[in-house]
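>>> quick one, what's the 3D model for this:
(one chain, ligands or ions: 1)
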Amino acid sequence: MKKIICLLILSLILLAGCSKKQEQNAIEKIIDRGYLIVGVKTDSYPFGFINKKTGENDGFDIDIAKYIAAELLGSERKIQYISVTPATRIEAITSGEVDMVIATMSITPQRAYLIDFSKPYYAAGQTALVRKNSDIHTFSDLKKKTTIVVLGSNAERNIRNIIPTARIIGYKNYDDAFNALLNNKGDALSTDDTILSGLIHNNKKYRILKNRISKELYAIGIKQYDDKKLKNYVDASITRMLNEGKIKELEKKWGLK
Ligand code: GLU
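Sure, this is the predicted structure:
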């Protein structure tokens, strides 16, 4: 009998140990693992791109990831980068493939049903890129034209809402979308002003429309955990970056504003 009681107590202790592991929160998991897994862009200069000289991920969003990793894990190098696109980034978060997404992602009510957003760290605006000699000057000029978008972007959604008659062709990423514009597959490429300026920073044959049809508030996307510990941690990091002037410093570094 004593033996059975001992065994029972032992298994209860073991079970308690196991459930404690399951209760490990998202921050503890990251610390245990020793590195952050961050979904980033590789086609959106200057926010997320591959630096040709170093072959490494680089950009404004990558610098934000580095700041968080340095605070949480003591080194900005403790990051595994996963390349995401507008169509893949939500699932990368909800499936747990990444700890967070920092990828020119705007806060939208539809996305907020599926994921948590940190507080915003940057404000962009949607506009469009056209050939220099194009007859397109405003968004209403797009009515009878073909607009290129990246699938899953807020830009795609906004264009469909604002100009329901517009012909739209979608691509998976900004490299393909810009190539389509270069190859005259469409008349305009619409997305955030930040990304469009990045696409033409070496190319003077295109111009960006003056109007902005939306305000795109960039925030970090995080899985909807009940305890919100990771979201609160990330919010506190962003608050510090804003207060310490780190965001201003990054805007200067990457030629924004
Ligand atoms: N910021 C917009 C969005 O979240 C467009 C940029 C992008 O495609 O990442 O959809």
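>>> so is stretch 64-84 next to the ligand?
No. Applying CB under 6 Å from any ligand atom, one finds stretch 64-84 separated from the ligand by no less than 9.1 Å. C-beta: built from backbone N, CA, C; applies to glycine.
>>> state the mean pLDDT of that stretch.
Average pLDDT, stretch 64-84: 98.
>>> and the helices in the stretch 51-200 of the chain?
60-73, 89-94, 109-112, 154-162, 174-182, 193-199 (DSSP state H, counting those that start in this stretch).
>>> what does the first one contact?
This points to helix 60-73. 27, 30-31, 34-36, 38, 40-41, 46-48, 75-79, 81, 100, 102-104, 121-122, 220, 233-234, 237-238, 241, 246, 250-251, 253-254, 256 (CB atoms under 8 Å, 6 or more residues apart in numbering).
>>> just the buried residues from these, in PyMOL please.
Burial among the contacts of helix 60-73 is assessed by 16 or more other CB atoms under 10 Å; the matching PyMOL selection reads:
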select buried, resi 27+30+35+36+38+40+41+46+47+48+76+78+79+81+100+102+103+104+121+122+220+233+234+237+238+241+246+250+254+256
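>>> confirm residue 212 sits in a strand?
No. Read with DSSP: H, G, I helix; E, B strand; the rest coil, residue 212 is coil and lies in no strand.
>>> closest one to residue 210 among the helices of the stretch 51-200 of the chain?
Checking the helices of the stretch 51-200 of the chain against residue 210 by CB to CB gives helix 193-199 as the closest, at 10.3 Å.
>>> can I get the CA coordinates of that closest one in CSV?
Extracted in CSV, the C-alpha atoms of helix 193-199 (Å, rounded to 0.1, in the frame of the first residue of the first chain):
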residue,chain,number,x,y,z
ASP,A,193,4.8,55.6,-49.7
THR,A,194,7.7,54.2,-47.6
ILE,A,195,8.0,51.0,-49.8
LEU,A,196,7.5,52.9,-53.0
SER,A,197,10.3,55.4,-52.3
GLY,A,198,12.5,52.4,-51.4
LEU,A,199,11.7,50.8,-54.8
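>>> mind giving me the packing neighbours of it?
With contacts taken as 3 or more CB pairs under 8 Å, 6 or more residues apart in numbering; DSSP states H and E, helix 193-199 sits against strand 43-44, strand 122-131, helix 174-182, strand 206-208.
>>> picking up where we left off before, TSV for the helices of the stretch 51-200 of the chain, including mean neighbour count?
What follows is the helices of the stretch 51-200 of the chain, written out as TSV (neighbours: other CB atoms under 10 Å):
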stretch	mean neighbour count
helix 60-73	21
helix 89-94	20
helix 109-112	12
helix 154-162	19
helix 174-182	19
helix 193-199	22
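>>> any chance of those helices in CSV, plus distance to residue 146?
Output for these, formatted as CSV (distance: least, CB to CB, whole Å):
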stretch, distance to residue 146
helix 60-73, 30
helix 89-94, 26
helix 109-112, 25
helix 154-162, 11
helix 174-182, 10
helix 193-199, 17
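>>> who wins for proximity to residue 225 among those helices?
Across those, closest to residue 225 is helix 89-94 (CB to CB), at 11.0 Å.
>>> give me the contacts around that closest one.
Contacts for helix 89-94 (CB under 8 Å, 6+ apart): 39, 82, 84, 97-98, 100-101, 103, 105, 111, 114-115, 152, 221-223.
>>> show me what from the chain comes close to the ligand.
So far as CB under 6 Å from any ligand atom goes, the chain lies against the ligand at 86, 104, 105, 106, 150, 153, 154, 155, 191, 192, 195, 216.
>>> residue 221 is in contact with the fourth one, correct?
Okay, so that is residue 106. No. Using CB atoms under 8 Å, residue 106 is not in contact with residue 221, being 10.1 Å away.
>>> which one's more surrounded, these two?
Between residue 106 and residue 221, counted using other CB atoms under 10 Å, residue 221 has the larger neighbour count: 27 against 23.
>>> tell me, what residue is most central in this protein?
residue 103 (1.9 Å; CA atoms, centre = their mean).
>>> contacts for stretch 217-231?
Under CB under 8 Å, 6+ apart, the answer for stretch 217-231 is 25-27, 30, 39, 64, 89-90, 93-94, 96, 99-107, 111, 114-124, 234, 238.
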